[in-house]
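**Q** pasting a predicted model and its sequence here:
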Amino acid sequence: GLDPRSLKVWNHIGRIIKSRNPDLIYYNNAPGLMNLLLYRALPADKTIVTAHDGCVKPTMKFNRLTRFCWNKGYNTRKYVQFFSPKQAEIFNAERPGKRLFCIPLALKDFGKPTKGLRNDYITFVSFGAINEDKNVKLLIKAAEKIYDDGYHNFRVVIKGRCFEWDKEYLPLIKHPELFEADLRFIDNSEIANIYSVNTYAVFPYKQSGQSGAIKVALFYRKPCIVSNLAGFTDDIRDGYNGFVFKNDNVDDLARVLKHCIDLPKDEYMKLVSNVNEFVDTKYATDKLVGLYRKMFESVLSIND
């Protein structure tokens, strides 16, 4: 049930905001059961709220409750900031009439790596808590497929907590030597080296709003292999800074894995160089700051 102490905190924050009468409020938190009262209390003409997903996905936990909170929260808003153009488009189709802004989600820094790129195998790393939407099964199937086609000089590294491994994933593995599975909660201090030592980061997701994991991979200048979902293709350009395959298509993912294994070293280094160029252009701090300033000034000018 509701924690009365939490409700008191939100009410207290609401009173502080009201007493100070700010010109602008930026609230980076989606509406939920515990903050809904505060959400609805924030003045619509002065508040910008954020959203990572354009709609409530069927696979989200507490789906019906989340939909209720989003309806009560977002339906009262005038200004909403997104981090993906596609998710803004989805949101606008379901909740038209809002003023929407879109600014890329900043890259995530987990410290400096202490290890360099491994040189024993071409490696494909999948990092993060494992669930059905992450589609790690597809990566396993694709790896097994290319092994049968004669590709043995690679490894698939799987890092993250998984509660269904023995039942859902292990039966798909015919050649255990291909897989380096570390199935546990990964501490933040380990993340930098996870990306620095592996050749490619793989995101075979079935659906995605705005993947935080890919923002980490890009921070560590790692070429990415992604399914052709808008949340990924906003950042990954096929053949330029990574590779794109058809969503949930094992044959197409197998094609990309083979291409990566066959890629000469100089072409791989060019791929890394392109990742650096892309990150330095799209995610430059001064550019992101300028976009936020423009958004804030836009709302302030309406209220003048």
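**A** Here it is on my side, so go on. As the structure is a computational prediction, the values presented were derived from the model and not from experiment.
**Q** contacts, neighbours, all on C-alpha from now
**A** Will do.
**Q** show me the helices in the stretch 151-300 of the chain, by range?
**A** 188-197, 212-219, 230-233, 250-262, 265-282, 285-303 (DSSP state H, counting those that start in this stretch).
**Q** to Leu65, which of the ones you listed lies closest?
**A** helix 212-219 (23.6 Å; CA to CA).
**Q** alpha carbons of the closest one, as PDB, please.
**A** The C-alpha trace of helix 212-219 is given here as PDB (Å, rounded to 0.1, in the frame of the first residue of the first chain):
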ATOM      1  CA  GLY A 212      20.300   3.300 -21.400                       C
ATOM      2  CA  ALA A 213      22.800   0.500 -22.000                       C
ATOM      3  CA  ILE A 214      23.600   1.800 -25.500                       C
ATOM      4  CA  LYS A 215      24.400   5.200 -24.100                       C
ATOM      5  CA  VAL A 216      27.000   3.500 -22.000                       C
ATOM      6  CA  ALA A 217      28.400   1.600 -25.000                       C
ATOM      7  CA  LEU A 218      28.700   4.800 -26.900                       C
ATOM      8  CA  PHE A 219      30.400   6.600 -24.000                       C
END
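**Q** what mean pLDDT does it have?
**A** In this model, helix 212-219 has a mean pLDDT of 90.
**Q** I'd like to know which elements it is packed against.
**A** strand 224-227, helix 265-282 (3 or more CA pairs under 8 Å, 6 or more residues apart in numbering; DSSP states H and E).
**Q** Met295 versus the nearest residue to Asn131 once chain neighbours are set aside, what's the distance?
**A** Spatial nearest neighbour of Asn131, excluding adjacent residues (CA to CA, 6 or more residues apart in numbering): Cys162 at 7.2 Å. Here Cys162 is placed at a distance of 40 Å from Met295 (CA to CA, to the nearest Å).
**Q** before we move on, what about Ile225?
**A** From Ile225 to Met295 the distance is 32 Å (CA to CA).
**Q** about what we covered before: and the helices and strands packed on helix 212-219: which comes nearest Gly116?
**A** helix 265-282 (13.9 Å).
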